[in-house]
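Peer 1: Next comes the sequence, and after it the predicted model I'd like to discuss.
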2 protein chains.
Amino acid sequence: MEYEDCEEEIIHEEKIIDTKKKLLNEDTIFEVSNLYKVFSDETRLKILNALLISELCVCDISEILGMTHSSISHQLKVLRDLKLVKAKKIGKSVFYSLKDDHIQKIIEIGVEHINEK
Amino acid sequence: MEYEDCEEEIIHEEKIIDTKKKLLNEDTIFEVSNLYKVFSDETRLKILNALLISELCVCDISEILGMTHSSISHQLKVLRDLKLVKAKKIGKSVFYSLKDDHIQKIIEIGVEHINEK
DNA sequence: CAAATATATGAACAACTATTCATATATATA
DNA sequence: TATATATATGAATAGTTGTTCATATATTTG
């Protein structure tokens, strides 16, 4: 399967073959990209940031971010589906908290990165 | 600025105020989300993954990923704009390499995360 | 200098996604 | 049991984004 022949390919062929071999497989790439899709949205990032500080219900998060319940609830579904948060129902309220240790690390590295520029 | 009054808010008010105080500021959230937007696309993730292994020209990357030059070049522009890759022109070719140490770490944590499930 | 090659980029299009609005469900309480 | 409240969710919409196509630029080579 060749895409637009470059003369240079002949020269770099070995490097290309070697690089191809060392690449992460398709499934891994797909899953990692899906994970980072979560952190690529400001609303979700803020929700995770808030949950890093305290366990919160939809109403609390909604108030903290200044956004509608519906919007927050939709995003929490995304986070639930990706198993990044867990929900605990108490009475009418549903309290959310982080399910994963990596979340903090990922946010920290992000912050570290942008501060080094 | 209140969004949809919840009775519960009164109860959690202190928690809300405390959480609000500890939140990352808007600009940081914006920049971090932009950073992770890069890693949320499979093509960009593959490009970074390849550049983690070797310095490559557009043609090489195009061949490795099985995608058109144009597509790769567009994505490299995104990576350039975010200062994640650097370009070195040699003759007709432009060789790209990673500009940042965090890239490897971010990919590693992502892989680690998905493997722990 | 002309032709070929490598890369870059603008415009258009299709696919995706975040929010809104309307509504449904579940729990608490009067 | 009826009402109020908290959350969830489907559908529609608007905004965003990745790829393609056409074309431009820059460098090498004949």
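Peer 2: Noted; the coordinates are in hand. Numbering: from 1, shown residues only, chains lettered A, B, ... in the order given.

Peer 1: immediately after the helix or strand containing residue A:49, which helix or strand?
Peer 2: Residue A:49 is part of helix A:42-53 when elements are defined by DSSP states H and E. Using DSSP H and E, the helix or strand that directly follows helix A:42-53 along the chain is strand A:56-57.

Peer 1: Can that next one be said to contact DNA strand C?
Peer 2: No - Strand A:56-57 stays clear of DNA strand C (CB under 7 Å from any atom of the strand), getting no nearer than 12.7 Å. Where C-beta positions appear, they are placed from N, C-alpha and C, glycine not excepted.

Peer 1: Tell me the strands beside that strand, with direction?
Peer 2: strand A:93-98 (antiparallel) (DSSP bridges).

Peer 1: quick revisit: list the contacts of the helix holding residue A:49.
Peer 2: Contacting residues not belonging to helix A:42-53 are listed as A:38-39, A:56, A:61, A:64-65, A:67, A:71-72, A:75-76, A:78-79, A:84-85, A:96-98, A:103-104, A:107, B:18-19, B:22-24, B:29-30, B:32-33, B:36 [CB atoms under 8 Å, 6 or more residues apart in numbering or on different chains].

Peer 1: just checking: which of those residues also lie near DNA strand D?
Peer 2: residue A:76.

Peer 1: Now which of the contacts of helix A:42-53 would you call buried?
Peer 2: A:38-39, A:56, A:61, A:64-65, A:67, A:72, A:75-76, A:78-79, A:84-85, A:96, A:98, A:103, A:107, B:19, B:23-24, B:29, B:32-33, B:36 (16 or more other CB atoms under 10 Å in any protein chain shown).

Peer 1: related to what we said a few turns ago, okay, buried residues for the helix holding residue A:49 please.
Peer 2: A:43-52.

Peer 1: Mind putting those residues into a markdown table with distance to DNA strand D and pLDDT?
Peer 2: Rendered in a markdown table, the data for the buried residues of helix A:42-53 read as follows (distance: CB to the nearest atom of the strand, whole Å; pLDDT from 0 to 100):
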| residue | distance to DNA strand D | pLDDT |
| --- | --- | --- |
| A:43 | 13 | 98 |
| A:44 | 14 | 98 |
| A:45 | 14 | 98 |
| A:46 | 16 | 98 |
| A:47 | 11 | 98 |
| A:48 | 15 | 98 |
| A:49 | 18 | 98 |
| A:50 | 13 | 98 |
| A:51 | 13 | 98 |
| A:52 | 18 | 98 |
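
Peer 1: of all these, which comes closest to residue B:89?
Peer 2: residue A:45 (36.1 Å; CB to CB).

Peer 1: And that closest one, how far from residue A:75?
Peer 2: To residue A:75, residue A:45 is 10 Å away according to CB to CB, to the nearest Å.

Peer 1: if we can go back for a sec, CA atoms of the helix holding residue A:49 as PDB?
Peer 2: What follows is helix A:42-53, C-alpha atoms only, in PDB (Å, rounded to 0.1, in the frame of the first residue of the first chain):
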ATOM      1  CA  GLU A  42     -12.600  22.600  28.700                       C
ATOM      2  CA  THR A  43     -15.800  21.600  30.400                       C
ATOM      3  CA  ARG A  44     -14.700  18.000  31.000                       C
ATOM      4  CA  LEU A  45     -11.300  19.200  32.100                       C
ATOM      5  CA  LYS A  46     -12.900  21.600  34.600                       C
ATOM      6  CA  ILE A  47     -15.200  18.800  35.900                       C
ATOM      7  CA  LEU A  48     -12.200  16.500  36.500                       C
ATOM      8  CA  ASN A  49     -10.300  19.400  38.100                       C
ATOM      9  CA  ALA A  50     -13.200  20.000  40.500                       C
ATOM     10  CA  LEU A  51     -13.500  16.300  41.300                       C
ATOM     11  CA  LEU A  52      -9.800  16.300  42.000                       C
ATOM     12  CA  ILE A  53     -10.600  18.700  44.900                       C
END
